[in-house]
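Enquirer: Next one to model:
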Amino acid sequence: MITLRLSTMMFLQFFIWGGWFVTLGTYLASTLSASGSQMGMAFSTQSWGAIIAPFIVGLIADRFFNAERILGVLHLCGAVLMYMMYQAGDFTTFYPYVLGYMIAYMPTLALVNSVAFGQMTNPSKEFGKIRVWGTVGWIVAGLLISYVFSWDSTSAIADGMLRNTFMLCAIASLALGIFSFTLPATPPKAAGQKTGLRDVLGLDALALLKDKNFFIFFLSSVLICIPLAFYYQNANPFLTEIGVENATGKMTLGQVSEVLFMLALPVFLNKFGIKATLLIGMAAWVIRYALFAFGNADEGLFMLIVGIALHGICYDFFFVSGQIYTDAKAGDRIKSAAQGLITLATYGVGMLIGFAVAGKITDEYTTATSHSWQDIWLFPAGFAAVVLIIFLMLFKSEKVSTNA
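Expert: Here you go, the predicted model:
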């Protein structure tokens, strides 16, 4: 029964995110007539949320309140903000609501994990079976938008139907907000303990940067977030604009591949080592964007499909492997601090820079009626290639206990 409740929590958590974030770029461009820079501002709210999240979780949730109660309050607030996003008629009105929403939503990613871990006796065996339902939720959201409601069809977009994604997610957020109060009690673990800013931001882990290999990995992680931002911001608008039908539904193939390549990751780590695995992940970014640059909605559609399917390698082989590498390098004392630092650096600072760059490059190659997508996609392809070369030359092969 508890497993079912936790699985439902994860399903709704990522259903909400996948239900509006994937099509956000298309909505902003088509319905609100947003520029590339404005789109970058909207997407960068995810980064601001990631930067602020440690303060909410570390300074409030971990010390004073049950995790499931804060989870409920934040999702109820999110439902209201999502409804206001649904009603917004222009970007100026829309932006404060999406910023407020992401500040409320990003802390919930840690909170759902806290609630789940709090009910488990063997997290290493139990968590994966729960977390996978989050990926299923993201996939279902995309399939509903494309194949059930057809909100991302050319005619529906022209009629402003993508606005309905915000209403759908507002309802899901309201449901999860109410449901959260029925979840098992997860009291604060740091109640009565002194937790300072240094602990919350993971600053104790800065000592790891004295290790040259870890410093190169850390720098590469921040830089590779710039190409990553291009995918989040531009993939759906790109596919929709060039005439790919059911683009949102097709993009769920990325989440399917993420699950499949997660299963393959331990094999690669154990057989080829951490450096080769990370290099494969970075190479996948280069190949993906090259495929996007030269693919099209007709005879080149297979190139776009392969590019979407590469998401599993792009994400799992670099970011998940990176989390494993960070865990191995940190040691028991600063494991949490190290993970907090790498998350803050990538999803916070790295993605913040990435969305700003993606916005400017998109504006640079915007024409009167469309975009020069080949030029837009060649930029992150080339950038990822440079990061790959730097990493290849400077990161020395080493053996670490990855526990894969």
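Enquirer: Low-confidence stretches in the protein?
Expert: 57-63, 124, 189-204, 332-333, 336, 400-404 (pLDDT under 70).
Enquirer: mind redoing it with 80?
Expert: 54-64, 123-125, 188-205, 331-337, 339-340, 399-404 (pLDDT under 80).
Enquirer: So this structure: which segments form each domain?
Expert: Using automatic domain parsing, the domain parsing of the chain gives 1-181, 201-404.
Enquirer: Please name the nearest non-neighbouring residue to I51.
Expert: Spatial nearest neighbour of I51, chain neighbours left out: G348 (4.2 Å); criterion: CB to CB, 6 or more residues apart in numbering. C-beta coordinates here come from the backbone N, C-alpha and C atoms, glycine included.
Enquirer: Likewise for N164?
Expert: Nearest residue to N164, sequence neighbours excluded (CB to CB, 6+ apart): W151, at 5.7 Å.
Enquirer: mind checking the SS state of that neighbour?
Expert: Put simply, W151 is coil when judged by DSSP: H, G, I helix; E, B strand; the rest coil.
Enquirer: still on that earlier bit, what's the closest of the domains of the chain to P188?
Expert: Nearest to P188 among the domains of the chain is domain 1-181; the distance by CB to CB comes to 5.4 Å.
Enquirer: Ends of the closest one, what's the gap?
Expert: Using CA to CA, to the nearest Å, the end-to-end distance of domain 1-181 comes out at 16 Å.
Enquirer: Send over stretch 229-248 as CSV, restricted to the C-alpha atoms.
Expert: Extracted in CSV, the C-alpha atoms of stretch 229-248 (Å, rounded to 0.1, in the frame of the first residue of the first chain):
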residue,chain,number,x,y,z
ALA,A,229,19.8,24.2,-22.2
PHE,A,230,19.4,24.4,-26.0
TYR,A,231,17.5,21.1,-26.0
TYR,A,232,15.1,22.1,-23.2
GLN,A,233,14.4,25.5,-24.7
ASN,A,234,14.4,24.8,-28.5
ALA,A,235,13.6,21.1,-29.2
ASN,A,236,9.9,21.3,-29.1
PRO,A,237,9.6,24.6,-31.0
PHE,A,238,12.0,23.3,-33.6
LEU,A,239,10.1,20.1,-34.2
THR,A,240,6.8,21.9,-34.3
GLU,A,241,8.0,24.6,-36.6
ILE,A,242,9.5,22.3,-39.2
GLY,A,243,6.3,20.2,-39.3
VAL,A,244,6.9,17.1,-37.2
GLU,A,245,3.5,15.8,-36.2
ASN,A,246,2.9,15.0,-32.5
ALA,A,247,6.2,16.4,-31.5
THR,A,248,5.5,16.3,-27.8
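Enquirer: quick one: that stretch to chain centroid distance?
Expert: Centroid displacement of stretch 229-248 relative to its chain, using CA atoms, centre = their mean, to the nearest Å, is 16 Å.
Enquirer: Ok, stretch 98-114 next?
Expert: Distance, centroid of stretch 98-114 to centroid of chain: 12 Å (CA atoms, centre = their mean).
Enquirer: go on, stretch 16-30?
Expert: For stretch 16-30, the distance to the chain centre is 13 Å (CA atoms, centre = their mean).
Enquirer: is it fair to say Y315 lies in a strand?
Expert: No - secondary structure of Y315 (three-state DSSP): helix, not part of a strand.
Enquirer: Name the nearest residue to it, sequence neighbours excluded.
Expert: E258 (5.7 Å).
Enquirer: What's the first helix or strand after the host helix or strand of that neighbour?
Expert: E258 belongs to helix 253-294 when elements are defined using DSSP states H and E. Toward the C-terminal end, the helix or strand that comes next after helix 253-294 (DSSP H and E) is helix 301-309.
Enquirer: Show me which positions of that next one end up buried.
Expert: In terms of neighbour count (16 or more other CB atoms under 10 Å), helix 301-309 has its buried residues at L301, M303, L304, G307, I308, A309.
Enquirer: which ones are touching the first one?
Expert: Listed by CB atoms under 8 Å, 6 or more residues apart in numbering, the contact set of L301 reads V244, G295.
Enquirer: and the gap between it and F238?
Expert: Distance of L301 to F238, given as CB to CB, to the nearest Å: 13 Å.
Enquirer: And the second one, by the same measure?
Expert: With the distance defined as CB to CB, M303 ends up 13 Å from F238.
Enquirer: shared neighbours, the two?
Expert: Joint contacts of M303 and F238 (CB under 8 Å, 6+ apart) are F292.
Enquirer: count of neighbours near the nearest residue to L239 once chain neighbours are set aside?
Expert: The shortest distance from L239 to any non-neighbouring residue, by CB to CB, 6+ apart, is to A247 (3.7 Å). Number of residues near A247 (other CB atoms under 10 Å) recorded here: 28.
Enquirer: ok, A247 touching N234?
Expert: No - A247 is beyond contact range of N234, at 11.8 Å (criterion: CB atoms under 8 Å).
Enquirer: Burial check on the residue nearest to N164, number of neighbours?
Expert: 22.
Enquirer: got a list of what it touches?
Expert: Going by CB under 8 Å, 6+ apart, W151 touches T23, I145, I157, M161, L162, N164, T165, T248.
Enquirer: before we move on, which element is G243 in?
Expert: G243 belongs to no helix or strand when assigned by DSSP H and E.
Enquirer: Surely it and A297 touch.
Expert: Yes - at 4.2 Å, G243 counts as touching A297 under the criterion of CB under 8 Å.
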